[in-house]
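A.B. asks: need a 3D model of the following:
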Amino acid sequence: MLILSVSQINTYLSFKFKEDKKLSGVMIRGEISNFTAHRTGHFYFTLKDDKSTLRAVMFRSFASKMKFMPCEGMGVIVMGSISVFERDGTYQIYATDIIPDGAGVQYTANEQLKEKLKKEGIFDESIKRRIPYMPSKIGVVTSSGGAALQDIINILSRRSPTSELVVINALVQGDGAADSVCKGIIKAEELGCDVIIIARGGGSLEDLSAFNTEKVAYGIYNCTIPVISAVGHETDFTIADMAADLRVPTPSAAAELVAVSKERLLENLSYYEEKLKGAMNRYFQRLTVQTERMDQRLLHLSPMYRLDKNADKLESMTMRLDTAFSRIMSVLENRIERIYEKMEAVSPVKVLERGYSLVYRDGSPVTQAKDLKKNMEIEIHMQDGTIKAVIIE
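C.D. replies: Presented below is the predicted three-dimensional model:
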């Protein structure tokens, strides 16, 4: 009997697949699962129906011509050829084209559930709770033997060694996983955790099915503690992500979010210290300005200020009075001088100086001759003296 090596039998089977014309240029209907767009440009995925699965690959030469990006749960018709991958001894379809054929059953069910929960307000941003800045007690609902938990433990032990970590073991895949996750949420809440992280590594749509259930969505919604969803990889997106208060791409990102590093704390401390200094300086500046204003107001209300102000006012009024008095006196002096000049003009002395004389009888002036009689004694006042006379005629 001929003994063949593994590579020889795989090569033989590969030739058999290639010789079968029925396996060349086939069209297969199914639902995409485990889809990966590799950095090389190739597409790797599984094509499935309700009973079987078939591995598939589309090389970059064909993938670059696609007018749409295939995604998880999409119903498609794949065209290509069936052949054996000799290295692994597995057969698969080498796709040359992918045509959309409507959404798959699981995908459609998820979309319908999302729409239902959206209408019920489970995803409303207004009900999202704020994640505590430095939680002292962190609950993690995940598989105790999973890599997601180990990532979280490594990060928390390094960044936040003083935080208490409460691990609630839960099924994250398979039958009963949704109920197990909901029970874990309730237990973390009962234990008084400040924040809950629901964590799981990446996987296919089927692997993450527990996190696309109405039970888990309502378990998160009814929880009174902020919940962070860290399910799958960055490209995975579940209903649990939409219901949670915060969605992060990976379990590691969740741990980094809740654990503030010592360096970050020191930076924050320095920042707030400077901010406090600035606030205190501004506060004291305001107090200084207010004090100066109060000093000015008190100064204006003080008796000394009023005395000084009244003294200034009195001095001003005195100067004004002196000025007014001087002006009045000047006016009066000018008026008196004019009156004096007028009196001088009509003075009897002035009349006498012009050669006239005045006649008096018994001290009274005589202005008419008929007032005099013979033998009356009179006085005649002249410029240089007075003479006495008797009326002869």
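A.B. asks: enumerate every residue touching the nearest residue to residue 134 once chain neighbours are set aside.
C.D. replies: Setting aside the residues directly before and after it, residue 134 is nearest to residue 260 in space (C-beta to C-beta, 6 or more residues apart in numbering), at 5.7 Å. C-betas here are computed from N, CA, C, even on glycine. Neighbour list for residue 260: 133-134, 159-160, 268 [criterion: C-beta atoms under 8 Å, 6 or more residues apart in numbering].
A.B. asks: contacting residues around stretch 202-220?
C.D. replies: 33-34, 46, 72-73, 106-107, 110, 113, 116-117, 122, 171-174, 177-182, 185-186, 198, 200, 227, 229, 231-233, 236, 238-244.
A.B. asks: of these, which belong to strands?
C.D. replies: Judged by DSSP state E, those include 33-34, 46, 198, 200, 227, 229, 231 as members of strands.
A.B. asks: sheet partners, orientation included, of the longest strand along the chain?
C.D. replies: Counting residues, the longest strand found in the chain (DSSP E) is strand 90-103. Applying DSSP bridges, strand 90-103 is found paired with strand 53-58 (parallel), strand 74-85 (antiparallel).
A.B. asks: what's the farthest-apart pair in the ones in strands among the contacts of stretch 202-220?
C.D. replies: 46 and 227 (31.1 Å; C-beta to C-beta).
A.B. asks: which intervals of the stretch 151-300 of the chain have sub-threshold pLDDT?
C.D. replies: 234-236, 261-262 (pLDDT under 70).
A.B. asks: try it again at 80.
C.D. replies: 160-162, 202-207, 232-236, 260-266, 268, 296-300 (pLDDT under 80).
A.B. asks: rounded mean pLDDT for the longest strand of the chain, please.
C.D. replies: Averaged across strand 90-103, the pLDDT comes to 86.
A.B. asks: extract the CA atoms of it and return them as PDB.
C.D. replies: The C-alpha trace of strand 90-103 is given here as PDB (Å, rounded to 0.1, in the frame of the first residue of the first chain):
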ATOM      1  CA  THR A  90      -9.100  22.900   4.500                       C
ATOM      2  CA  TYR A  91     -11.300  23.800   1.600                       C
ATOM      3  CA  GLN A  92     -12.800  27.200   1.100                       C
ATOM      4  CA  ILE A  93     -14.300  29.400  -1.600                       C
ATOM      5  CA  TYR A  94     -12.000  31.800  -3.300                       C
ATOM      6  CA  ALA A  95     -14.400  34.700  -4.000                       C
ATOM      7  CA  THR A  96     -14.200  36.800  -7.100                       C
ATOM      8  CA  ASP A  97     -17.300  38.900  -6.400                       C
ATOM      9  CA  ILE A  98     -19.900  39.500  -3.600                       C
ATOM     10  CA  ILE A  99     -23.400  40.700  -4.300                       C
ATOM     11  CA  PRO A 100     -25.700  41.900  -1.400                       C
ATOM     12  CA  ASP A 101     -28.600  39.600  -0.900                       C
ATOM     13  CA  GLY A 102     -30.400  41.400   2.000                       C
ATOM     14  CA  ALA A 103     -29.500  41.200   5.700                       C
END
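A.B. asks: helices of the stretch 151-300 of the chain, residue ranges please.
C.D. replies: For the stretch 151-300 of the chain, helices defined by DSSP state H, counting those that start in this stretch occupy the ranges 177-190, 214-222, 239-243, 251-258, 262-301.
A.B. asks: helices or strands next to the shortest one in the packing?
C.D. replies: Just to be clear, that refers to helix 239-243. The contact analysis (3 or more C-beta pairs under 8 Å, 6 or more residues apart in numbering; DSSP states H and E) places helix 239-243 against helix 105-119, helix 214-222, strand 227-231.
A.B. asks: the fourth one now?
C.D. replies: Here helix 251-258 touches helix 147-159, strand 195-200, strand 227-231, going by 3+ C-beta pairs under 8 Å, 6+ apart.
A.B. asks: can you redo these as CSV with distance to residue 358?
C.D. replies: Compiled in CSV, those are given as follows (distance: least, C-beta to C-beta, whole Å):
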stretch, distance to residue 358
helix 147-159, 134
strand 195-200, 132
strand 227-231, 135
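A.B. asks: closest to residue 67 out of these?
C.D. replies: strand 227-231 (30.6 Å).
A.B. asks: still on that earlier bit, quick one, which of the contacts of stretch 202-220 are buried?
C.D. replies: Neighbour-count burial (16 or more other C-beta atoms under 10 Å) is assigned, among the contacts of stretch 202-220, to 33-34, 46, 72-73, 106-107, 110, 117, 122, 171-173, 177-182, 185, 198, 200, 227, 229, 231-232, 236, 238-244.
A.B. asks: residue 121: what's it in contact with?
C.D. replies: So residue 121 contacts residue 127 (C-beta under 8 Å, 6+ apart).
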